[in-house]
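Enquirer: model the following, please.
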Amino acid sequence: MQVIPAIDLLDGHCVRLHQGDYDRVTRFSDDPVAQALEWQRQGAKRLHLVDLDGARSGTPCNDGAVQAITAALAIPVQLGGGVRSAERAEQLLGWGVDRVILGTVAVENPELVRRLAGRHPGRIVVGIDANEGKVATRGWIEQSTVVATALAASFEGTGVAAIISTDIATDGTLEGPNLAALRAMAQASSLPVIASGGVGCLTDLLSLLSLEPQGVTGVIVGRALYDGRVDLAEALQAIGDQRLQDPLQLPIA
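Expert: Residues are numbered from 1 along each chain as shown. This next block holds a predicted model:
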């Protein structure tokens with residue numbers, strides 16, 4: 001299972017929000033490039049970027065940081081937040097972003113997602129941010145009536161690379177992932193699911209392993225890494241490709 005460190009960008013700084021609340025911001029770093037390089041140095045195989053300004057307003061505000069990070073890193077970068085047009089998605093891919101995450105537009109213009117996924121198979125990800133099973137949009141400011149699992153199922157067979165499933169109620173709380181919601185999402189579609197929200201300790205990461213056979217293939221970790229509650233190298237060893245508890249990795253008696 002892939003462990004993906006997150007960098008959330010707000011006005012050029014690395015921050016985390018509590019349950020998506022822009023009035024409850026914790027700033028962790030004023031140098032996003034240095035932070036991205038540090039996660040790479042610690043063994044990350046992929047980086048997750050979110051343009052929080054773009055998610056809220058629909059207008060990208062952190063392009064300088066995004067371009068600098070993609071230029072500096074050797075590992076792939078995925079980015080979401082305010083990507084609501086084909087032109088914007090194409091621009092990001094042209095800058096070297098490996099995967100573009102579409103959230104609001106997946107609800108408001110799903111055909112655009114299908115067209116982009118067909119044009120760039122394996123490079124378009126659908127971000128589904130849910131509150132009590134219903135999808136929230138526009139930086140979680142607006143609540144739709146769309147059922148999260150139904151939205152995931154609707155992109156089956158389109159070329160979409162994965163679903164990022166975020167439970168708003170647990171995001172930034174460090175109280176553990178919503179396993180029931182993740183299980184339902186994995187069962188709704190054969191697309192790989194990347195878990196997001198709530199990870200607060202190594203035990204939370206280990207709890208996700210029970211969902212791996214159902215299609216949960218990765219987890220995004222933010223605040224717990226910045227707070228030091230989770231050590232990235234330890235997390236990679238615990239649930240990554242060479243995790244110690246795999247029976248195939250154990251010595252033969």
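Enquirer: so what sits opposite Val126 in the bridge?
Expert: Per DSSP bridges, the residues bridged to Val126 are Leu102, Ile163.
Enquirer: confidence score at it?
Expert: pLDDT for Val126: 98.
Enquirer: same question, Asp23
Expert: 68.
Enquirer: and Ala34, what element?
Expert: helix 32-41 (DSSP states H and E).
Enquirer: average pLDDT for that helix, rounded please.
Expert: For helix 32-41, the per-residue pLDDT averages 97.
Enquirer: okay, buried residues for that helix please.
Expert: Buried residues in helix 32-41, counted by 16 or more other Cβ atoms under 10 Å: Pro32, Val33, Gln35, Ala36, Leu37, Trp39, Gln40. Every residue, glycine included, has its C-beta placed from N, CA and C.
Enquirer: the last one contacts Leu73, correct?
Expert: This points to Gln40. Yes: between Gln40 and Leu73 there is a contact at 5.6 Å, judged by Cβ atoms under 8 Å.
Enquirer: isn't Ala233 right next to Gln42, touching?
Expert: Yes: contact status for Ala233 versus Gln42: in contact at 5.8 Å, counting by Cβ under 8 Å.
Enquirer: could I get the full set of helices for the stretch 101-250 of the chain?
Expert: Secondary structure of the stretch 101-250 of the chain by DSSP state H, counting those that start in this stretch: the helices cover 104-108, 110-119, 148-153, 179-188, 202-207, 223-227, 232-239.
Enquirer: count of residues packed around the closest residue to Pro110 other than its chain neighbours?
Expert: Nearest non-adjacent residue to Pro110, counting by Cβ to Cβ, 6 or more residues apart in numbering: Ser154, 6.4 Å away. Other residues near Ser154 number 17, with proximity taken as other Cβ atoms under 10 Å.
Enquirer: just the pLDDT for Ser154.
Expert: Confidence score, pLDDT, at Ser154: 97.
Enquirer: and it, backbone torsions?
Expert: Backbone torsions of Ser154, given as degrees, to the nearest 10, read phi -70, psi -10.
Enquirer: burial of Arg24, as a residue count?
Expert: Neighbour tally, Arg24, other Cβ under 10 Å: 11.
Enquirer: before we move on, which element is it in?
Expert: Going by DSSP H and E, Arg24 is in strand 21-29.
Enquirer: please name the strands paired to that strand in the sheet, noting orientation.
Expert: Sheet pairing for strand 21-29, using DSSP bridges, gives strand 13-18 (antiparallel).
Enquirer: now do the partner strand: distance to the chain's middle.
Expert: 14 Å (Cα atoms, centre = their mean, to the nearest Å).
Enquirer: gap between the nearest residue to Gly197 once chain neighbours are set aside and Gly222?
Expert: Residue nearest to Gly197 in three dimensions, not counting chain neighbours: Asp171, with 3.8 Å by Cβ to Cβ, 6+ apart. Applying Cβ to Cβ, to the nearest Å, the value for Asp171 to Gly222 is 8 Å.
Enquirer: how about Arg99?
Expert: Distance from Arg99 to Gly222, by Cβ to Cβ: 17 Å.
Enquirer: more neighbours: which of the two?
Expert: Gly222 (26 against 21).
Enquirer: quick check on the more buried one: phi, psi?
Expert: The phi/psi pair for Gly222 (degrees, to the nearest 10) is phi -120, psi -90.
Enquirer: I figured it hits Gly172, correct?
Expert: Yes: counting by Cβ under 8 Å, Gly222 does reach Gly172; the two are 7.3 Å apart.
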